[in-house]
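In: mind folding the following:
(4 chains)
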Protein chains: 2
Amino acid sequence: MFVPSTLKDIASALGYSTSTISRALRDTYEISPETKKIIREYAQKINYRPNPIAQSLKERRSKSIGVIVAEVANHYFSQAINGIESIAYDRGYHVIITQTHESYEREKINIQHLASRSVDGLLISLSAETSDTSHLQDLHQKGLPMVFFDRVTEDIITHKVIADNEKGAFEATAHLIQKGYKRIAHLTSSAHLSISIERLDGYKKALAKHHIPFEEAYVKYCPHGGMFYQETENAIKELMNLREKPDAIFVAGDRLSIDCLMVFKNLNIKIPEDIAITGFSNSDVLDLMNPSLTSIRQPAFEMGQIATQMLLKVIESKYPVYDFEKKILDTSLFVR
Amino acid sequence: MFVPSTLKDIASALGYSTSTISRALRDTYEISPETKKIIREYAQKINYRPNPIAQSLKERRSKSIGVIVAEVANHYFSQAINGIESIAYDRGYHVIITQTHESYEREKINIQHLASRSVDGLLISLSAETSDTSHLQDLHQKGLPMVFFDRVTEDIITHKVIADNEKGAFEATAHLIQKGYKRIAHLTSSAHLSISIERLDGYKKALAKHHIPFEEAYVKYCPHGGMFYQETENAIKELMNLREKPDAIFVAGDRLSIDCLMVFKNLNIKIPEDIAITGFSNSDVLDLMNPSLTSIRQPAFEMGQIATQMLLKVIESKYPVYDFEKKILDTSLFVR
DNA sequence: TTGAAAGCGCTAACAT
DNA sequence: ATGTTAGCGCTTTCAA
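Out: Residues are numbered from 1 along each chain as shown, chains lettered A, B, ... in the order given. Predicted coordinates:
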């Protein structure tokens, strides 16, 4: 079995006390250089590593942060995770990634899991199904540091990092309008998600600016964020069965964009002859489509980095933090 | 600050000893039903959760497993991770995911990280750059349970789960041959990776069976597994500059397939007019291509599940395990 | 049926 | 400069 060596092992091997060993290895000033040398060389030789569990118990922190995202297969999230890791690893923190698969139940379980697992803080992007955040409010009130990114909630006062969803949606919609499309539909995730609300706003503003009336029937929601193919297909079918079929569609998310393309393929709807499409997506594979898709990109990597920096600041603060910030990052329109 | 309640808190609130509380909450037979009731109700009320770090220290296991993959953005790996989580969560284990981004250095750091973090076992898919596995052999000799999946090594005797790479490659290549292609190139990851070797074998066997001579010049390696665009582009360019240009290409991996399509797009190489392509991939987005790609799928989810079951069996075994198994799962050819 | 005490590996206050 | 001791939260042996 796997039995790593401990301070005690070194102590009895070398005839010192465990505290001397501990101090020598952490290079404190009280230990004589010769003793340090002996101890460090021996520790090196047997490849000693301090037991982080014992350290955590002692120091009452685990040097790990929990991440809650919808799914890692989504390029927006995988890029954000890379940003999170780039900061966390540098600062000596572990990253524990969990996926909700857009399920509220799963989100609750994961968060409970992480909290009981004594992570020092949480980086959260809410699931599509989540409208009630009381499971998070409890933890927040108890003082567990948390930072929201991408899909945020107003119910909890803490740091937040989002993209400029309204502007991104505005540009995407305006782009379609400039291309001459008149009947622009909008396919989005669940209605209560912050990103859905903001992107819908941008869509409406673009229509308004160009004097195109907003039609409720042109907006289709996927309460499960496109996790079920049928949900997306039904939404598209409803749009295509309208008396005045849309000639273009603005899709509000990464997963949804891909699902939408699959539906088009399966229903034999041609792009751009039958319908034009543009949407939020960080997937480079969309470039491969022919014709390739114009899309709105979020600075996912950077969002992950900033959220992590904010979280670590709260975690490592000596005093309770009351001053929180909502950082809004710019999106970019990739015209193709 | 976040200060959860402890056994001691309950003990002093209720006037029992901590051991009685501990026993009552874990429902041991010695405690009287009334006492249990009082204690459990109070624990419920204050929402008590045992500190898993203290439990780990005591029980000398962390109830967590570490996963090492190239990158979560790869659909093969994200599906395998879903399989891993499906088993691990059921059995009460946490999953800590780390990415190597195909870098040997990163792999060493991550594994060291996980081991020192006291995971109870490791699920490993080697990075493209890894040829020396001594960093793993050390841990293996010390008794840390590990199971390899997908990219395995012969250097370490333990459980392994792989797809039938040779058969898959054979079928993919044979499919191209049956379609009438004669000059079939092979784009693959680094030469020493188990999957590269097995897929190359399948490719060669299919050629041999159809009496097509094997040409060394038609095989191109990407030592960094396609993590750098330039690597892939150079490989493709070399192929396309050959006197006898290939008319088809069999690509050995998920990431590589997508990179390859990007290169084709950028170099304005048309599919299938200029070249036909088929390859290993679990990305459903490839279905969206027009014409869509014939591909070999691995049962990624199931591979993750089986690897996890194997690992937990070793972890939870009371006696050292000497009897190991290499499970080979079937691939499937998706003709489109 | 319950409690006291030891110990998991580590750190740090308090000796010496 | 080094050692002794207590304690982080929990489980478990031993004692009552």
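In: do stretch A:317-327 and DNA strand C meet?
Out: No - residues of stretch A:317-327 are not located near DNA strand C by Cβ under 7 Å from any atom of the strand, the shortest gap being 14.5 Å. Bear in mind the C-beta positions are built from the backbone N, C-alpha and C, glycine included.
In: what's the distance between that stretch and the middle of its chain?
Out: 20 Å (Cα atoms, centre = their mean, to the nearest Å).
In: just the buried residues of it, please?
Out: residue A:327 (16 or more other Cβ atoms under 10 Å in any protein chain shown).
In: so which residues of the stretch 51-200 of chain A form strands?
Out: Applying DSSP state E, counting those that start in this stretch to the stretch 51-200 of chain A gives strands spanning A:64-69, A:94-99, A:121-124, A:146-149, A:160-163, A:184-188.
In: can you add mean pLDDT, mean neighbour count and distance to residue A:29 and give the ones you listed back as JSON lines?
Out: As requested, those are exported to JSON lines (pLDDT from 0 to 100; neighbours: other Cβ atoms under 10 Å in any protein chain shown; distance: least, Cβ to Cβ, whole Å):
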{"stretch": "strand A:64-69", "mean pLDDT": "94", "mean neighbour count": "26", "distance to residue A:29": "30"}
{"stretch": "strand A:94-99", "mean pLDDT": "90", "mean neighbour count": "23", "distance to residue A:29": "29"}
{"stretch": "strand A:121-124", "mean pLDDT": "97", "mean neighbour count": "28", "distance to residue A:29": "32"}
{"stretch": "strand A:146-149", "mean pLDDT": "98", "mean neighbour count": "27", "distance to residue A:29": "37"}
{"stretch": "strand A:160-163", "mean pLDDT": "98", "mean neighbour count": "25", "distance to residue A:29": "41"}
{"stretch": "strand A:184-188", "mean pLDDT": "98", "mean neighbour count": "27", "distance to residue A:29": "60"}
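In: which stretch among the ones you listed comes nearest chain B?
Out: Across the strands of the stretch 51-200 of chain A, chain B has its closest neighbour in strand A:94-99 (5.0 Å, Cβ to the nearest Cβ).
In: got the CA coordinates for that closest one in CSV?
Out: Output of strand A:94-99 as CSV, limited to C-alpha atoms (Å, rounded to 0.1, in the frame of the first residue of the first chain):
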residue,chain,number,x,y,z
HIS,A,94,-5.8,23.3,-6.8
VAL,A,95,-8.8,23.5,-9.1
ILE,A,96,-11.7,21.1,-8.7
ILE,A,97,-14.0,21.2,-11.7
THR,A,98,-17.6,20.0,-11.5
GLN,A,99,-20.2,19.9,-14.2
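In: and the contacts of it?
Out: Outside strand A:94-99, the residues that touch it by Cβ atoms under 8 Å, 6 or more residues apart in numbering or on different chains are A:62-72, A:81, A:84-85, A:88-89, A:106, A:110, A:113-114, A:117, A:119, B:72, B:82, B:85, B:94, B:96-97, B:113, B:117.
In: cutoff 7 Å now
Out: With contacts defined as Cβ atoms under 7 Å, 6 or more residues apart in numbering or on different chains, strand A:94-99 is touched by A:63-72, A:81, A:84-85, A:88, A:110, A:114, A:119, B:94, B:96-97, B:117.
In: just stretch A:103-113 next, same as before
Out: With Cβ under 7 Å, 6+ apart, stretch A:103-113 has contacts from A:68, A:98, A:100, A:127, A:129-130, A:135-136.
In: the residue in the stretch 51-200 of chain A that DNA strand D sits nearest to and chain B, how far apart?
Out: Residue nearest to DNA strand D within the stretch 51-200 of chain A: residue A:58 (3.8 Å; Cβ to the nearest atom of the strand). Applying Cβ to the nearest Cβ, to the nearest Å, the value for residue A:58 to chain B is 10 Å.
In: number of nearby residues for that residue?
Out: 10 (other Cβ atoms under 10 Å in any protein chain shown).
In: quick one, grab the pLDDT at it.
Out: pLDDT for residue A:58: 91.
In: out of the contacts of strand A:94-99, which touch DNA strand C?
Out: Checking those against DNA strand C (Cβ under 7 Å from any atom of the strand), there are no matches.
In: which parts of the helix or strand of chain A with the lowest mean pLDDT are buried?
Out: Using mean pLDDT, DSSP states H and E, helix A:104-116 stands out as the lowest-scoring helix or strand of chain A, at a mean of 88. By neighbour count on 16+ other Cβ under 10 Å, the buried set for helix A:104-116 is A:104, A:106-108, A:110-111, A:113-115.
In: equivalent analysis for stretch A:261-281, please.
Out: Neighbour-count burial for stretch A:261-281 [16+ other Cβ under 10 Å]: A:261-265, A:269, A:271, A:275-281.
In: CSV for those, including pLDDT, secondary structure and distance to DNA strand C?
Out: Shown next, in CSV, are the buried residues of stretch A:261-281 (pLDDT from 0 to 100; DSSP: H, G, I helix; E, B strand; the rest coil; distance: Cβ to the nearest atom of the strand, whole Å):
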residue, pLDDT, secondary structure, distance to DNA strand C
A:261, 92, helix, 53
A:262, 92, helix, 52
A:263, 94, helix, 55
A:264, 94, helix, 58
A:265, 91, helix, 57
A:269, 93, coil, 62
A:271, 90, coil, 59
A:275, 95, coil, 62
A:276, 94, strand, 60
A:277, 94, strand, 56
A:278, 95, strand, 54
A:279, 94, strand, 50
A:280, 96, strand, 46
A:281, 95, coil, 46
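In: if anything else comes up later, I'll come back, but that's it for now.
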